[in-house]
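In: Provided below are the primary sequence and the corresponding predicted coordinates.
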Amino acid sequence: MRVTILILTGNARVVMGRLVMKFGGTSVANIDRIRNVARHVKREVDAGHDVAVVVSAMAGKTNELVEWCRDASPMHDAREYDAVVASGEQVTSGLLAIVLQGMGIQARSWQGWQLPIRTSDAHASARIVEIDGAEIVNRFKDRKEVAVIAGFQGINPHTNRITTLGRGGSDTSAVAIAAALRADRCDIYTDVDGVYTTDPRIVPRARKLSKVTYEEMLELASVGAKVLQTRSVGLAMKEKVRVRVLSSFEEGRDDANEENGGHRGTLIVGEEEIDDMERQLITGIAHDKNEAKITLTAVPDRPGAVASIFTPLADAGINVDMIVQNVAHSTGSTDVTFTVPKSELARALDTLGKAKESIGYVELFHDTRVSKISVVGVGMRSHAGVAAAMFKTLGERGINIQAITTSEIKVSVLIEEDYTELAVRVLHTAYGLDAEDTAAE
Ligand code: ADP
Ligand code: ASP
Ligand code: MG
């Protein structure tokens, strides 16, 4: 439901709405940048909008806090990890509220437990279950107070302990708050001015997308485009939250009234909002260096063998991504290769070592110097040859493919890590995504 109030001022029609504005780590990296954020907030407040702001920790802060936990003990208690890493957002939410107050804007900070933002008990990667936005809305109405909410954190209501939402989780905090407040839009301010066809820091010729569908963004995020946390896109799609990605380092008029069309940044929208002319075969390319490859040799070729590998891994809560199993010939055994998150590698090797007898493999190898490259696009549904073009392009550059997975709108390959940037660049060109190509059209 759109919550808007129309005000007639002479000939101009001003649409006032409710906005969630999220600012990532580089946008709040120091006090000067927090002042810059406050100016963005002021602009929206001055335009008459009710504003809830969600902030990340200062750039690098969460990494430092995570490192301290590891230093204190590699096998630390996840509840205490959450108590430590949630502190980065506590600092920035308080600082932004102070700066806003100094500019004469009513504002207060909210920690996850204060609203509260209730989550599951999965410490370090908790899911938001429920948000109580009533008090924020009351304060919008009573005194136009800006809510400055610490991203990334919530509370487990059963144990009263602080939880965090997984790395990059402030995006999910913002979308969830936008859904709870029935905001007109959730603006994700970051250090790039939108979602690009690939990471613009790797391919300078990457092209900015003015719109991208939830489905494509979900797929891009899940295969490594870290501009939005995957869960935030899934939630936006489910709750139909309009999301926009834009830069906090650009001034520019901000058209909260989308009816005039000229929005900055990239809008994440339903498929019906993208007309056929705008649709490309491939929307984007992403890479992910966070997976490790495991190979088990000479696994007996019999029913149940594959289950004997993946059941203990599933029981240990380890997600397996790509899987390659060769067909056994005369030997009666086969090699099985698959990938797991690098952060889970040690546990996966330990689990497989313990299950050696029940699986019956001969050797266990692993390789962390791998990278997953994915091409994503809804156009793939109706076009053959996307995967073939990918394999050909990589082959011509001498890049060997170690594993492949596909979905309806995605093809992923595993390659040697050293070739990551080259692979992304040549594929970007091969699919006609380079910015020059568009200019020439
Ligand atoms: P924040 O701290 O604001 O949350 P992140 O570092 O999490 O920012 O995400 C922004 C970064 O995402 C950009 O700096 C960019 O390098 C990276 N990125 C990866 N893929 C893409 C893409 N397809 N489009 C835009 N940015 C991307
Ligand atoms: N500060 C947290 C992180 O670095 C959450 C976020 O920035 O989204 O992962
Ligand atoms: Mg982020």
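Out: Sure, I can see it. Ligands and ions are numbered 1, 2, ... in the order given.

In: So which residue is smack in the middle of the protein?
Out: Closest to where the C-alpha atoms of the chain average out (C-alpha atoms, centre = their mean) is Gln229, at 1.6 Å.

In: and the residue nearest to that residue when sequence neighbours are not counted, backbone torsions?
Out: Nearest residue to Gln229, sequence neighbours excluded (C-beta to C-beta, 6 or more residues apart in numbering): Gly168, at 3.8 Å. Quick note: C-beta positions are derived from backbone N, CA and C, even for glycine. Note on Gly168: its backbone torsions stand at phi 80, psi 10 [degrees, to the nearest 10].

In: Any figure for the gap between Gly168 and Gln106?
Out: According to C-beta to C-beta, to the nearest Å, Gly168 and Gln106 sit 30 Å apart.

In: So which of those two has more stuff around it?
Out: Gly168 (21 against 14; other C-beta atoms under 10 Å).

In: mind listing what the more buried one touches?
Out: Taking C-beta atoms under 8 Å, 6 or more residues apart in numbering, we find Gly168 in contact with Lys226, Leu228, Gln229, Ser232.

In: What of Val378?
Out: Thr213, Glu215, Glu216, Glu271, Arg279, Thr283, Ile409.

In: which residues touch the last one?
Out: The reference is to Ile409. Going by C-beta under 8 Å, 6+ apart, Ile409 touches Glu215, Glu216, Glu219, Val376, Gly377, Val378, Met380, Arg381.

In: try 10 Å this time
Out: By C-beta atoms under 10 Å, 6 or more residues apart in numbering, the contact set of Ile409 is 213, 215-216, 218-220, 282-283, 375-381, 386.

In: Then the fifth one?
Out: When contacts are counted by C-beta under 10 Å, 6+ apart, Arg279 is found next to Thr213, Glu271, Gly377, Val378, Gly379.

In: Tell me the one among those residues nearest to Glu135.
Out: Proximity of the contacts of Arg279 to Glu135 was ranked by C-beta to C-beta; the top entry is Thr213 with 34.4 Å.

In: give the contact list for that closest one.
Out: 219, 237, 268-274, 279, 283, 377-378, 409.

In: hey, where'd the helices end up in the stretch 201-350 of the chain?
Out: Taking DSSP state H, counting those that start in this stretch to define them, one finds helices in the stretch 201-350 of the chain at 214-222, 230-239, 305-315, 345-354.

In: and the shortest one, how far out from the chain's middle?
Out: For helix 214-222, the distance between its averaged C-alpha position and the chain's averaged C-alpha position is 9 Å (C-alpha atoms, centre = their mean, to the nearest Å).

In: again, but for the second one
Out: Distance of helix 230-239 from the chain centroid (C-alpha atoms, centre = their mean) equals 10 Å.

In: Between helix 214-222 and that helix, find me the angle.
Out: Here helix 230-239 points in a direction 170 degrees away from that of helix 214-222 (axes from the mean of the first three to the mean of the last three C-alpha atoms, to 10 degrees).

In: other SSEs contacting helix 230-239?
Out: Here helix 230-239 touches helix 170-180, strand 185-190, helix 214-222, strand 243-247, strand 266-269, going by 3 or more C-beta pairs under 10 Å, 6 or more residues apart in numbering; DSSP states H and E.

In: Any part of the second one near ligand 1?
Out: If I follow you right, that is strand 185-190. Yes. Using C-beta under 6 Å from any ligand atom, strand 185-190 reaches ligand 1 at Thr190.

In: How about the residues of the stretch 1-150 of the chain by ligand 1?
Out: Gly24, Gly25, Thr26, Ser27, Ser56.

In: what's the nearest residue to Ser210 if we skip its chain neighbours?
Out: Thr266 (6.3 Å).

In: does His263 really touch Val243, like I thought?
Out: No. Counting by C-beta atoms under 10 Å, His263 stays clear of Val243, with 11.8 Å between them.

In: which neighbours do these two share?
Out: With C-beta under 10 Å, 6+ apart, His263 and Val243 have common neighbours Arg185, Asp187.

In: where does the chain have its least confident helix or strand?
Out: Least confident helix or strand, the chain: strand 5-9 with a mean of 37, by mean pLDDT, DSSP states H and E.

In: Check what pLDDT Thr331 gets.
Out: Per-residue confidence (pLDDT) for Thr331: 78.

In: please renumber so the chain begins at 491
Out: Understood, numbering begins at 491; the last thing we discussed is Thr821.

In: and the residue of the chain found nearest ligand 1, what is it in contact with?
Out: Closest contact between the chain and ligand 1, by C-beta to the nearest ligand atom, is at Gly514 (1.7 Å). Shown in contact with Gly514 (C-beta under 10 Å, 6+ apart): 544-547, 549, 641, 658, 660-661, 664, 678-682, 717, 738.

In: how about 8 Å then?
Out: Ser546, Ser660, Ile678, Tyr679, Thr680, Asp681, Ser738.

In: what's the answer for Gly623, then?
Out: With C-beta under 8 Å, 6+ apart, Gly623 has these contacts: Leu605, Ile667, Ala670, Leu671.

In: how far away is the last one from Arg508?
Out: Translated: Leu671. Leu671 is 6 Å from Arg508, by C-beta to C-beta.

In: thinking again about what came up before, neighbour count winner among His753 and Val733?
Out: Shown here are His753 and Val733; by other C-beta under 10 Å, Val733 has more neighbours (29 against 19).

In: pLDDT below threshold where in the stretch 491-640 of the chain?
Out: Within the stretch 491-640 of the chain, the ranges that satisfy pLDDT under 70 run 491-506.

In: just the strands in it please.
Out: Assigned by DSSP state E, counting those that start in this stretch, the stretch 491-640 of the chain shows strands spanning 495-499, 502-506, 508-513, 540-545, 597-600, 607-609, 618-621, 636-640.

In: can I get the ones you listed in TSV with distance to Gly850 and mean neighbour count?
Out: As requested, the strands of the stretch 491-640 of the chain are arranged in TSV below (distance: least, C-beta to C-beta, whole Å; neighbours: other C-beta atoms under 10 Å):
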stretch	distance to Gly850	mean neighbour count
strand 495-499	69	9
strand 502-506	67	13
strand 508-513	50	27
strand 540-545	51	29
strand 597-600	55	21
strand 607-609	41	25
strand 618-621	42	18
strand 636-640	50	28
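
In: burial of Val916, as a residue count?
Out: 17.

In: How much space separates the residue in the chain positioned nearest to ligand 3 from Ala547?
Out: Going by C-beta to the ion, ligand 3 is nearest to Gly658 of the chain, at 4.3 Å. The gap separating Gly658 from Ala547 is 12 Å, by C-beta to C-beta.

In: next one: Val638
Out: 14 Å.

In: Show the contacting residues for whichever residue of the stretch 641-790 of the chain sits closest to ligand 2.
Out: Ligand 2 sits closest to Ser660 of the stretch 641-790 of the chain, with a gap of 3.2 Å, by C-beta to the nearest ligand atom. The neighbours of Ser660, taking C-beta under 8 Å, 6+ apart as the test, are Lys512, Gly514, Val544, Val545, Ser546, Glu579, Gly641, Phe642, Gln719.
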